[in-house]
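S.K.: quick one, fold the following:
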Amino acid sequence: QVQLVESGGGLVQAGGSLRLSCAASGRTFSVYAMGWFRQESGKEREFVAAIKWSGGSTYYADSVKGRFTISRDYTKNTVYLQMNSLKPEDTAVYYCAADSPGGRITTQIYEYDYWGQGTQVTVSS
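M.R.: A predicted model of the protein is given here:
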């Protein structure tokens, strides 16, 4: 089992920045990749970004490429999502997810095995 706890959401004006954190605990040694997803009210959950847990490879949705950066601190078992130049359309509940075990970075929701509770991000215009 892997437990995930997100933090860092909030209200920010358009053009502003936020940094989300996802602290992992439990069988983190089995994690292959970590991802961030988001879900707007009434819409399906969508992929945002992913990173290989051991470091190196990252992948982004086109909608956030160049504005968001995913990173991880191996010593703290924590993954971050730095969000810059935020837009009102970035408003959503953001979820952290772990692919454990895995063999490649994936954008597919069904391939992630563990999920956090979500954190609300609201961007005002």
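S.K.: CA atoms for contacts and neighbours, from now on please.
M.R.: OK.
S.K.: where in the chain is pLDDT low?
M.R.: Across the chain, nothing is flagged by pLDDT under 70.
S.K.: centre-most residue in the chain?
M.R.: Nearest to the geometric centre of the chain sits Trp36, at 2.1 Å (Cα atoms, centre = their mean).
S.K.: not counting sequence-adjacent ones, nearest residue to that one?
M.R.: Distance criterion Cα to Cα, 6 or more residues apart in numbering; nearest residue to Trp36, sequence neighbours excluded, is Cys96 at 4.7 Å.
S.K.: point out the other helices and strands that the helix or strand that neighbour falls within packs with.
M.R.: Per DSSP states H and E, Cys96 falls inside strand 92-99. Packed against strand 92-99 by the contact rule (3 or more Cα pairs under 8 Å, 6 or more residues apart in numbering; DSSP states H and E) you find strand 2-7, strand 33-39, strand 114-115, strand 119-124.
S.K.: confirm Thr75 sits in a helix?
M.R.: Yes. Membership of Thr75 in a helix is supported by DSSP: H, G, I helix; E, B strand; the rest coil.
S.K.: tally of neighbours for it?
M.R.: 6 (other Cα atoms under 10 Å).
S.K.: next one: the one 4 residues further on
M.R.: Val79 is flanked by 26 other residues according to other Cα under 10 Å.
S.K.: grab the nearest non-local neighbour of it.
M.R.: Once flanking residues are discounted, Val79 sits nearest to Arg72: 4.2 Å by Cα to Cα, 6+ apart.
S.K.: these two touch, right, that neighbour and Thr78?
M.R.: Yes. Counting by Cα atoms under 8 Å, Thr78 is a contact partner of Arg72 at 5.7 Å.
S.K.: tally of neighbours for the closest residue to Lys76 other than its chain neighbours?
M.R.: Leaving out its chain neighbours, the residue that sits closest to Lys76 by Cα to Cα, 6+ apart is Ala23, at 7.6 Å. Look at Ala23: counted by other Cα under 10 Å, it has 18 neighbours.
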